[in-house]
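*Asks:* quick one: sequence and predicted model below, then my questions.
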Amino acid sequence: MCCASSLLVVILLFSMGTSRGRANERDDSGTITQRMIGRIGGVVDQGSRLGKEQKTAMEVAVHDFYLSTRSNISLITRDSYGSSARAASAVLNLVSNKKVQAIIGTLTSSQVELATEIDNTTKAITFISLAPTASYTRPIIQMGSNITVQLQCIADIIRHFPWRKVTVISEQSSLSESCCIITRFMEALRITDSVVEHHCTIPQTAIAEELKNLKTKTNRVFVLIQSSLEFAILLFEEAKKLGMMENGYAWIVPDDVASLLDSVDLTVISSMQGVIGIKNNYIDTSEPFKQFKPKFRHKYISQYPADEEFANPSFFALQAYDATWAAAKAIEKSEKLSSDNIFPHFEGLSGDMTLENGTVRKMETYSIINVVGKSYREIAVWSLNSGFSVEKLEPIYWPGGMQTVPKGWNSTAFLGDKGKVLRIGVPARDVFKQFVRVEYDHIQNTTNVTGFSIHVFEAVVKRLPYELPRVYVPFNAGYYDEMVEQVYHKKNLDAAVGDTNIMAYRYHHTEFSQPYMNSGIVMVVTTESEKSKELWAFMSVFKKEMWFILGAMSMFIGIVIWLIEQPENPDFGGSCIEQLGTMFWFSVTVLFFVQREPLRSNLSRIVLAPWFFVILIVTASFTASLTSILTVSRLRPSIVDIEILKRTNSPVGTNHGSLTIKYMVDVLNFLPENIKLFDSMNDYPGAFEKGDINAAFFVEPHAKAFLTKFCKGYTMAGPIFKLGGLGFVFPRGSPLTHDISEAILKFTESGELQKLENDTFPPDCSSDAINKDQSLGPGPFSGLLYVTTGIATFAFLITTVRRLGKYLQSSSCIQSTSVNRKLWRFALILLTQKFRKWQFPSREEYSISRKCKQVGKTDVEQI
């Protein structure tokens, strides 16, 4: 490391000495010096299209500045030759020999730091970098595009398509910071649920070899994140030769390439058909741009006549123009430059800019382009804050000319040398043939594989955006765990389809698709008859709430009728106890239409009419429900609690090779000797009848299959112990996992999966015979009850108001009569004292009777 650094320093010092020994440099701006106010240096790769545009734009900027201010800025450019050492040497030459005040170019922090270590005087120079960068490092002012924003744009493009793995390619260059950029790109991809499967840093001399190697990989999505135009041209020419620009491939190029596509000929465009790129967006209709474009073209053609056809400026030329103009303006104001006086706020050809923490900030937007035909077309606009300008991108022509989105991986490479057909294992020893049934035709020497799991997989494959050649391979060398291991080792199987449960320990070897059916450990037991003629069986007809409402309503109706009838109807009269008994008796007898008390008030009849209708409906419902309870055979599970089986050491059964064995021992704590294994679903009924087992444990889908065939006499009981569900098995990292999972979700959301499941496994018919709470509540009768209650309440209020009015009127009469009685008593005493011998008959009762005649006989007697 030290030797390499020393050698680099020697090279730089030698270059400085060579530069000092040269003749006087001419002023590259070509202007006539009037008032020299400063010098600006430029360091670009003048052999590249990017460097040519930057150099030309800087010269145009110096000339325009002179015409605008009559202040002459000397522009001195140096060629970096695409080398960090040459770039650092050029910086030292410009600082030491040319005494420049600012240096503009595609400079990186490492190049500036190297020059600073050699010559401390460079620390006083202001550096403006036009290179895209991911971070700010003093003392450079970063005016290049923010590479982090570009990477986020590319990540959003990838998220828009069903690609979960990409291959990243970058150009090997001493100017690059590929390690940092790759790290940031991985961070940007993290939120898209995609990963970088391969990363290649390729020198120009090894493009063909590296592409051949990448072609053997499964991934077909390539992202070029750091590249010069020249490297990209060679890359796509070679990719076209190798057939990597055909159907199934996807290519994304960065702004470094896409923004320069206007400068390439049709040969290059033809080799890049279907490529997607991000291109820095700028306003090319503004008046300043219209004035700049012809000047740039004239200057560029004069220096590079061979490129006359492609002399239009790109975004990078605008950046170089703006940087030079801003530096010249700052030099004019102050000989001592700093970041503050260069970019306080600047409106240039490339956009509005402000300086923040050493980085020029501007609103970066990118056009998403698609190379097609003789040029390219814009399919969307993207910004960091808003994302894509449209919800759905314009139709894209991919490599090969197809508009179908590439799946992103190559099945041929994935399957290797296995005949280009996906070998899918299916369990040939499956106990439940409803899921997978393997039938051999020995005459025609063919194998027919059917079943619910196969039907689901076939329906899912039809929803894939590509063809999937496949063949089903019956697996006889074991059970589910052994089949999963074969997929892991990729020896004979590329995937597995069947009633395979998703379990955590199986994830150590393989990946699973989205579950297509829920699963859990359940217990199946026999059913037994339930005694229906119990002591209080009739009480189960109605729920408690219904009984309470009937009793309360009956009492309320009785009270209302008594209040209405009592004043006029002698059948409701008598002592308090007699009236109370009559009221309660009427409430009960009216339920059975046997009441003996005649009604005299029409209001009473209005109250009873809806109540009779309620009684009629409730009685009919009661009779029907009670008849069902007493006559229909009721069943219940013979065992409802797993703990009973464990306490009594009862024998239980399950499938041979099933995961339920491990679950019953490790989780449910059954003794292994109490677990009996079966190889056929048809063996369970016989085992139940002989008493060999008292219960069977299945995964929930298998229990449905069992109850579909053996409907009578069996039912599920106890809790369901949840599992991960049934899924399809793929090797770890298989691109099929995501595609199949997405297709399963689409199949499920369409409702077709549920229909297929119901057709294959009809609902458990034994559940109809299992005793359930079928008691009637107030719900079915709520309408009638509301009407009856409303009428009775209204009658109650009317009666109460009437009785209260009569009571108040009677009280007033009694009070008046009481006063008159006192006066007569006083007069009678006086007469008695005077005429003791006389006897006068009392007229008190007579007077009271006449004055209170209207009150009634009963009230007078009370007085």
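*Replies:* Cool, the structure landed.

*Asks:* next, the distance between the ends of stretch 687-707.
*Replies:* 16 Å (Cα to Cα, to the nearest Å).

*Asks:* only the buried residues of that stretch, if you could.
*Replies:* 687-688, 693-707 (16 or more other Cβ atoms under 10 Å). Every residue, glycine included, has its C-beta placed from N, CA and C.

*Asks:* out of the residues you listed, list just those in strands.
*Replies:* 695, 696, 697, 698, 699 (DSSP state E).

*Asks:* give the bridge partners for the second one, please.
*Replies:* The one in question is residue 696. Note on residue 696: beta-bridge partners residue 524, residue 653, judged by DSSP bridges.

*Asks:* where does the stretch 201-350 of the chain dip in pLDDT?
*Replies:* 335-345 (pLDDT under 70).

*Asks:* off-centre distance for stretch 683-694?
*Replies:* Its chain's average C-alpha position is 47 Å from that of stretch 683-694, according to Cα atoms, centre = their mean, to the nearest Å.

*Asks:* quick one: mean pLDDT over that stretch.
*Replies:* The pLDDT scores in stretch 683-694 average 92.

*Asks:* now stretch 447-455
*Replies:* The model assigns stretch 447-455 a mean pLDDT of 92.

*Asks:* first vs last residue of it, how far apart are they?
*Replies:* So stretch 447-455: terminal residues 16 Å apart, Cα to Cα.

*Asks:* what's it in contact with?
*Replies:* Residues outside stretch 447-455 that contact it (Cβ atoms under 8 Å, 6 or more residues apart in numbering): 426, 430, 433-441, 472, 474, 497-499, 516, 726, 756-757, 760-761.

*Asks:* and for residue 324, the neighbour number?
*Replies:* Applying other Cβ atoms under 10 Å, we find 27 residues neighbouring residue 324.

*Asks:* give me the element it is part of.
*Replies:* helix 315-333 (DSSP states H and E).

*Asks:* I'd like the distance from that helix to the chain centre, please.
*Replies:* Remark: helix 315-333 is offset 47 Å from the chain centroid, using Cα atoms, centre = their mean.

*Asks:* check which residues of it are buried.
*Replies:* For helix 315-333, by 16+ other Cβ under 10 Å, it's 315-331.

*Asks:* likewise stretch 660-668?
*Replies:* Going by 16+ other Cβ under 10 Å, stretch 660-668 has these buried residues: 660, 661, 663, 664, 668.

*Asks:* check stretch 519-528 too.
*Replies:* 519, 520, 521, 522, 523, 524, 525, 526, 527.

*Asks:* hang on, the earlier thing: can you say which of the contacts of stretch 447-455 are buried?
*Replies:* Buried among the contacts of stretch 447-455 (16+ other Cβ under 10 Å): 426, 430, 433-438, 472, 474, 497-499, 516, 726, 756-757, 760-761.

*Asks:* which ones among these lie within helices?
*Replies:* Under the assignment DSSP state H, these contribute 756, 757, 760 to helices.

*Asks:* I'd say the first one and residue 456 touch.
*Replies:* Yes - between residue 756 and residue 456 there is a contact at 6.9 Å, judged by Cβ atoms under 8 Å.

*Asks:* ok, residue 299 to residue 310 distance?
*Replies:* Residue 299 is 14 Å from residue 310, where distance means Cβ to Cβ, to the nearest Å.

*Asks:* the two: who's more crowded?
*Replies:* residue 299 (19 against 15).

*Asks:* and the helices in the stretch 701-850 of the chain?
*Replies:* 736-749, 752-760, 782-834, 844-851 (DSSP state H, counting those that start in this stretch).

*Asks:* and what of the stretch 551-700 of the chain?
*Replies:* Remark: helices assigned in the stretch 551-700 of the chain by DSSP H, counting those that start in this stretch are 576-589, 602-631, 642-647, 659-666, 683-690, 700-709.

*Asks:* so which of those helices is the most packed in?
*Replies:* helix 700-709 (a mean of 22; mean count of other Cβ atoms under 10 Å).

*Asks:* same for the helix holding residue 324, what does it pack against?
*Replies:* When contacts are defined as 3 or more Cβ pairs under 8 Å, 6 or more residues apart in numbering; DSSP states H and E, helix 315-333 packs onto strand 36-44, helix 49-69, strand 72-79, strand 102-105, strand 126-129, helix 287-303, helix 339-342, strand 346-348.

*Asks:* buried set for the shortest one?
*Replies:* Same thing as strand 346-348. So strand 346-348, judged by 16+ other Cβ under 10 Å, has buried residues 346, 348.

*Asks:* and it, how far out from the chain middle?
*Replies:* How far strand 346-348 lies from its chain's middle: 42 Å, per Cα atoms, centre = their mean.
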